[in-house]
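Participant: Predicted model follows, preceded by the sequence.
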Protein chains: 2
Amino acid sequence: MNFDLKHYIQQRRETVDRALDGYLPPTDQPPETLHCAMRYSLFCGGKRLRPILVLAGAEVGGGGESVAVPLACAVECIHTFSLIHDDLPAIDNDDLRRGQPTNHKVYGEAIAILAGDALLALAFELIERCRESAPSDAVLDVISMIAKASGTFGMVGGQVADIQSEHIDDISIEAVRAIHERKTGALLAASLLGGARLVGLSGAPYDALAEYGRQIGLAFQITDDLLDIEGDPELLGKPVGSDEKNDKATYPKVLGVDRSWQIARDATQAAISALTPFGPEADPLRALALYMVERDS
Amino acid sequence: MNFDLKHYIQQRRETVDRALDGYLPPTDQPPETLHCAMRYSLFCGGKRLRPILVLAGAEVGGGGESVAVPLACAVECIHTFSLIHDDLPAIDNDDLRRGQPTNHKVYGEAIAILAGDALLALAFELIERCRESAPSDAVLDVISMIAKASGTFGMVGGQVADIQSEHIDDISIEAVRAIHERKTGALLAASLLGGARLVGLSGAPYDALAEYGRQIGLAFQITDDLLDIEGDPELLGKPVGSDEKNDKATYPKVLGVDRSWQIARDATQAAISALTPFGPEADPLRALALYMVERDS
């Protein structure tokens, strides 16, 4: 496989950023502060990994990626909402995100809470817009998938489990994995599968993609845990060591660094194996799987 | 018109409460605390006004109300999410709601923020379920309406404008009205119209219902402002005078109590007039319009 992932990511980031700029409420309409706060965190240098998975899912499903652009923007809104709320003083109390002051540090807690709320509501408004070029029933399937992946059996529930897992010394690796699957894995997988569903993918190829999604979610989160130990704070845009400081439930805490890297790499290989039914149209996904464990931020 | 509103409300409340109990995640599944927190505020004695408007909208649109039950539950989830977040220390900092300690007083700020988030996500999961008995395109219309009514040009934007209007002495009545329309009116109207849209109402009757929705939204919010001055704290379940204490932008602040009551009553009459195209099937809505200004909580 000879695939220029850097170029691929760069191109899709530009597509998503342009579309987001058009979808987000303008900063010269009231309440201006709210709109500035929403844009501040959304345009703060995110990797756009979830939107890229949406577009790659649509592509591997045989559709044009333009069908899925509103969904790509929606999942980034949901991801950004979760970061704004997680950073709040009452939750993780973080001052820096991607090298910039966190939303509540700039706009205050009230606006940060409400900017997160507005981004979550906007996400569903955006997914509905996929109806312009996708069948209504596929759009409703995606709304259900994304809502479930965001809520109590997905991201939000995972965040609660994550908070509650702090300072538990004998936590099992199964419990850590369950937290990771909800907190990070669910929305990553729903992004990919949502893109594929919009263009009508179903049956065995869809199931193969679901398995790929589970494995890259795992590889992504373990790498996140490891970067918090071994990463470069400059590249990460935040201090390292916060998981240890907060005594979070992580793979390296339970299994150690070396074993955790091994599991992340195994998950990457399992993800790539899951793509066997696909041809070159899945090359972006193969390259993205490797990127999950090779990234430095 | 001889209509037993009390019985009507009681019956629909029971329908909605039963359905909500089935839709909300069980408290014996993890994260248990999150699920308890979601249920705590949802089953804390709410009037269920928005769900009742959903069901009345479906009824006046000529459909059976059962079609609209998931939507009725969804708007109550959204309303409850907004109350939990508005009560937070960083926003209105309220300790009591409906005579009970507010969510963050019982579960802490982190869980309260995340319980609100989970309720908002759940709402869209529930609306999607209307597809079981309503056309997919109608369900998507409703998702778009509810998302807009909840977000930056609806409820959340109204809450920000409300916060920012505190301590402004020369605020115009147009500005107060615009805040009210976003903060309260948008979701009330979207509830009613969402119910009607689900069962296929369109054209002139739909427009008449939209006018009714605008007018009852106004009457409801002005009455809310007035109850905060003249109401009985026992019946309200919270102390009165909080608007004055926080120097909020309200109708009585700008126009005085008597003139505000007059406008609320005029809005009620305008709402009832808007229903002229409808027959007895709109009697619940006529009675509900009167209830907006006659309620004591």
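Facilitator: Noted; the coordinates are in hand.

Participant: longest helix anywhere in chain A?
Facilitator: helix A:203-230 (DSSP state H).

Participant: next helix or strand past that one?
Facilitator: Using DSSP states H and E, the next helix or strand after helix A:203-230 towards the C-terminus is helix A:233-236.

Participant: any idea where the strands of chain A begin and end?
Facilitator: For chain A, applying DSSP state E gives strands covering A:96-97, A:100-101.

Participant: Off-centre distance for the longest helix of chain A?
Facilitator: 11 Å (C-alpha atoms, centre = their mean, to the nearest Å).

Participant: Can you name every helix or strand that that helix contacts?
Facilitator: Judged by 3 or more C-beta pairs under 8 Å, 6 or more residues apart in numbering or on different chains; DSSP states H and E, helix A:203-230 is in contact with helix A:49-60, helix A:173-180, helix A:186-198, helix A:242-245, helix A:251-255, helix A:257-274, helix A:283-294. Glycine gets a C-beta too; all of them are placed from N, C-alpha and C.

Participant: orientation of that helix relative to helix A:186-198 in degrees?
Facilitator: Orientation note: helix A:203-230 sits at an angle of 150 degrees relative to helix A:186-198 (axes from the mean of the first three to the mean of the last three C-alpha atoms, to 10 degrees).

Participant: for helix A:203-230, which positions count as buried?
Facilitator: A:205, A:208-209, A:212-228 (16 or more other C-beta atoms under 10 Å in any protein chain shown).

Participant: Now that helix: average pLDDT?
Facilitator: Mean pLDDT, helix A:203-230: 96.

Participant: and it with helix A:49-60, angle?
Facilitator: 160 degrees.

Participant: May I see the strands of chain A organised as TSV, with mean neighbour count and distance to chain B added?
Facilitator: Below are those laid out as TSV (neighbours: other C-beta atoms under 10 Å in any protein chain shown; distance: least, C-beta to the nearest C-beta, whole Å):
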stretch	mean neighbour count	distance to chain B
strand A:96-97	18	17
strand A:100-101	16	17
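
Participant: ok, back up a step: is it possible to get a markdown table of the helices and strands packed on helix A:203-230 that adds mean pLDDT?
Facilitator: Output for the helices and strands packed on helix A:203-230, formatted as a markdown table (pLDDT from 0 to 100):
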| stretch | mean pLDDT |
| --- | --- |
| helix A:49-60 | 97 |
| helix A:173-180 | 95 |
| helix A:186-198 | 98 |
| helix A:242-245 | 87 |
| helix A:251-255 | 95 |
| helix A:257-274 | 97 |
| helix A:283-294 | 95 |
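
Participant: Which of the ones you listed sits closest to chain B?
Facilitator: helix A:173-180 (8.4 Å; C-beta to the nearest C-beta).

Participant: Report the backbone C-alpha coordinates of that closest one in PDB.
Facilitator: Backbone C-alpha positions of helix A:173-180 (Å, rounded to 0.1, in the frame of the first residue of the first chain) are rendered in PDB as follows:
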ATOM      1  CA  ILE A 173      -8.600  -4.400  32.400                       C
ATOM      2  CA  GLU A 174     -12.100  -5.300  31.300                       C
ATOM      3  CA  ALA A 175     -13.500  -2.400  33.300                       C
ATOM      4  CA  VAL A 176     -10.900   0.000  31.700                       C
ATOM      5  CA  ARG A 177     -11.700  -1.300  28.300                       C
ATOM      6  CA  ALA A 178     -15.500  -0.800  28.900                       C
ATOM      7  CA  ILE A 179     -14.800   2.800  29.900                       C
ATOM      8  CA  HIS A 180     -12.700   3.400  26.800                       C
END
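
Participant: Run a quick neighbour tally on the residue of the stretch 151-297 of chain A at minimum distance from chain B.
Facilitator: Across the stretch 151-297 of chain A, the shortest distance to chain B (C-beta to the nearest C-beta) belongs to A:Gly151, at 3.5 Å. Residues within reach of A:Gly151, counting by other C-beta atoms under 10 Å in any protein chain shown, total 25.

Participant: Now it: closest residue in space, sequence neighbours ignored.
Facilitator: B:Ala121 (3.5 Å; C-beta to C-beta, 6 or more residues apart in numbering or on different chains).

Participant: and the strands of chain A, which one's lowest on average pLDDT?
Facilitator: Ranked by mean pLDDT, the strands of chain A bottom out at strand A:96-97, which scores a mean of 90.

Participant: So in that sheet, which strands flank that strand, and in what orientation?
Facilitator: Strand pairing for strand A:96-97, determined by DSSP bridges: strand A:100-101 (antiparallel).

Participant: How about the residues of the stretch 1-150 of chain A by chain B?
Facilitator: With C-beta under 8 Å from any C-beta of the partner chain as the criterion, the stretch 1-150 of chain A meets chain B at residues A:25, A:30-31, A:33-35, A:38, A:81, A:85, A:88, A:90-91, A:108-111, A:113-114, A:116-118, A:120-122, A:124-125, A:127-128, A:131, A:136-137, A:139-140, A:143-144, A:146-148, A:150.

Participant: could you flag which of the residues you listed are buried?
Facilitator: By neighbour count, with 16+ other C-beta under 10 Å, the residues of the stretch 1-150 of chain A next to chain B hold A:25, A:30-31, A:33-35, A:38, A:81, A:85, A:88, A:90-91, A:109-111, A:113-114, A:116-118, A:120-122, A:124-125, A:127-128, A:131, A:136, A:139-140, A:143-144, A:146-148, A:150 as buried.

Participant: Next step: the residues you listed restricted to helices.
Facilitator: Per DSSP H, those map to helices at A:33-35, A:38, A:81, A:85, A:109-111, A:113-114, A:116-118, A:120-122, A:124-125, A:127-128, A:136, A:139-140, A:143-144, A:146-148, A:150.

Participant: For B:Ala289, find the nearest of the helices and strands packed on helix A:203-230.
Facilitator: Closest to B:Ala289 of the helices and strands packed on helix A:203-230, according to C-beta to C-beta: helix A:186-198, at 41.5 Å.

Participant: by contact count, what packs against that closest one?
Facilitator: For helix A:186-198, the packing partners by 3+ C-beta pairs under 8 Å, 6+ apart are helix A:49-60, helix A:69-87, helix A:136-150, helix A:155-164, helix A:203-230.

Participant: go again using 6 Å as the cut-off
Facilitator: helix A:49-60, helix A:136-150, helix A:203-230 (3 or more C-beta pairs under 6 Å, 6 or more residues apart in numbering or on different chains; DSSP states H and E).
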